[in-house]
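*Asks:* With the input below, show me the fold.
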Amino acid sequence: MAVLLCGSMAACSEDDEDGDGGGTGIENVTLTAPEYEEHAALYEMNGGSEYKSIELTASGDYIVTLNGYYSAKKLLKPELQKANRWARNFSMLNNGVRSTRSSYNGIIYGKYTVNSEGVYVLEGFGTIELTGTSDNAVALVVTPEGGEPETMTAAVKNQAPNSDITNALCRTWEVKAFRMVIKFNGKKYFDETGYINNLQPFIDKLSEFAEEELTVESVFGEALPKDVVFTKAGTYMVSYTNDMLAVSTWAWVNAAKGELRYSWNYEDMEDEEMAGNATISFKNNQLYLKEGYVEVDEDGKYEEEQYTILSEK
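*Replies:* Residues are numbered from 1 along each chain as shown. Model (predicted):
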């Protein structure tokens, strides 16, 4: 049990304050609407197209998914294995199957702008022009770079209802730091923050606490999450420090409390290996993404809290 992990330490913290774990709400958030908020939409193509979906995000990013894209479930080989207990941490951003753009994994990602004629210019991809709408469907002309225009129809996926917390979350974020808190029977034994540009001091302290030699790779995997895009259509995409990408899905469980559910398996939000719960909060316009692990036995209650701290990009 966890109390044994503290055995070699000279002293364990008597402090049970939550410390800098993010805010309890969004009362003091002053984030403004992203530049392309009014253009944000997820277009799900009707049959016959090589494109499965095209999403334009509020922060000016686009995500094109081809019909050849394999979901994380079909490719299930999570990088972070459970052999190392610490590798279960921060799984919302680290548990996906990571594919590179160059490996033709079926995802194309980049920035977009809107020209004076209302045409969407997708950097590195081509252009998209909306030519008509009816109910929840649209007609659009997609012209890849160096290719011919193709007219197709798509359904517009429903967006999450506007609310202060949804509006604050749905934008592009940059990972700044990670924090881990460990408690036993309500008493705090470990509380450290590691900054993404220098995680070694954090790993050293965690190694001392765990009484085993850990590395950045054993805790976070071969690449660190760098940027995260959340959209109101239920997409979140993670880019990593080795230029890999992972696309997943999320939904509110209780928006008023910042509780959400995520899954790397689009077909199953309850997938035991690929899905989980997280809680978000805000402090000083930073996003705090909290995950947790709890174990209870005859000795008592052991708790881990993991925070990923992000700033708007």
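*Asks:* so how far is Val216 from the nearest residue to Leu224 once chain neighbours are set aside?
*Replies:* Using C-beta to C-beta, 6 or more residues apart in numbering and skipping residues adjacent in sequence, the residue nearest Leu224 is Thr241, 4.8 Å away. No exception for glycine: its C-beta is placed from N, CA and C like everyone else's. Distance, Thr241 to Val216, by C-beta to C-beta, to the nearest Å: 11 Å.
*Asks:* Now the longest helix along the chain: average pLDDT?
*Replies:* Criterion DSSP state H: the longest helix present in the chain is helix 200-210. Throughout helix 200-210, pLDDT has a mean value of 96.
*Asks:* what comes up buried for it?
*Replies:* The neighbour-count check on helix 200-210 (16 or more other C-beta atoms under 10 Å) flags 202-203, 205-207, 209-210 as buried.
*Asks:* same check, this time on stretch 107-123
*Replies:* Residues 107-109, 112, 114, 120, 122 are the ones in stretch 107-123 that count as buried (16+ other C-beta under 10 Å).
*Asks:* Would you pull up how far that stretch lies from the middle of the chain?
*Replies:* 23 Å (C-alpha atoms, centre = their mean, to the nearest Å).
*Asks:* any weak-confidence spans in the stretch 1-150 of the chain?
*Replies:* Under the criterion pLDDT under 70, the flagged ranges of the stretch 1-150 of the chain are 1-25, 68-84, 87-89, 95-105.
*Asks:* for the stretch 151-300 of the chain, what spans make up the helices?
*Replies:* 164-169, 200-210, 216-220 (DSSP state H, counting those that start in this stretch).
*Asks:* Output the buried residues of helix 200-210 as CSV; include the columns distance to Phe90.
*Replies:* Listed next are the buried residues of helix 200-210 as CSV, based on distance: C-beta to C-beta, whole Å:
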residue, distance to Phe90
Phe202, 12
Ile203, 13
Lys205, 16
Leu206, 12
Ser207, 17
Phe209, 17
Ala210, 16
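*Asks:* And the helices of the stretch 151-300 of the chain: which comes nearest Asn277?
*Replies:* Asn277 lies closest, by C-beta to C-beta, to one member of the helices of the stretch 151-300 of the chain: helix 164-169, at 15.2 Å.
*Asks:* follow-up on the earlier one: pull the contacting residues for the residue nearest to Leu224.
*Replies:* Contacts for Thr241 (C-beta atoms under 8 Å, 6 or more residues apart in numbering) come out as 223-226.
*Asks:* Next step: these restricted to strands.
*Replies:* The members of these that map onto strands under DSSP state E are 225-226.
*Asks:* sorry, back to before: can you list residues touching both of Thr241 and Val216?
*Replies:* Each of Leu224 lies in contact with both Thr241 and Val216 under the rule C-beta under 8 Å, 6+ apart.
*Asks:* And for Thr133, nearest residue in space, chain neighbours not counted?
*Replies:* Spatial nearest neighbour of Thr133, excluding adjacent residues (C-beta to C-beta, 6+ apart): Ala139 at 7.5 Å.
*Asks:* The helix or strand hosting that neighbour: how far from the chain's middle?
*Replies:* If you go by DSSP states H and E, Ala139 is part of strand 137-144. Strand 137-144 sits 28 Å away from the centroid of its parent chain (C-alpha atoms, centre = their mean).
*Asks:* now for that strand, which elements pack on it?
*Replies:* If contacts are counted by 3 or more C-beta pairs under 8 Å, 6 or more residues apart in numbering; DSSP states H and E, strand 137-144 sits against strand 126-134, strand 150-156.
*Asks:* Just put the ones you listed in TSV and tack on mean neighbour count and distance to Gly48.
*Replies:* Below are those laid out as TSV (neighbours: other C-beta atoms under 10 Å; distance: least, C-beta to C-beta, whole Å):
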stretch	mean neighbour count	distance to Gly48
strand 126-134	14	17
strand 150-156	16	8
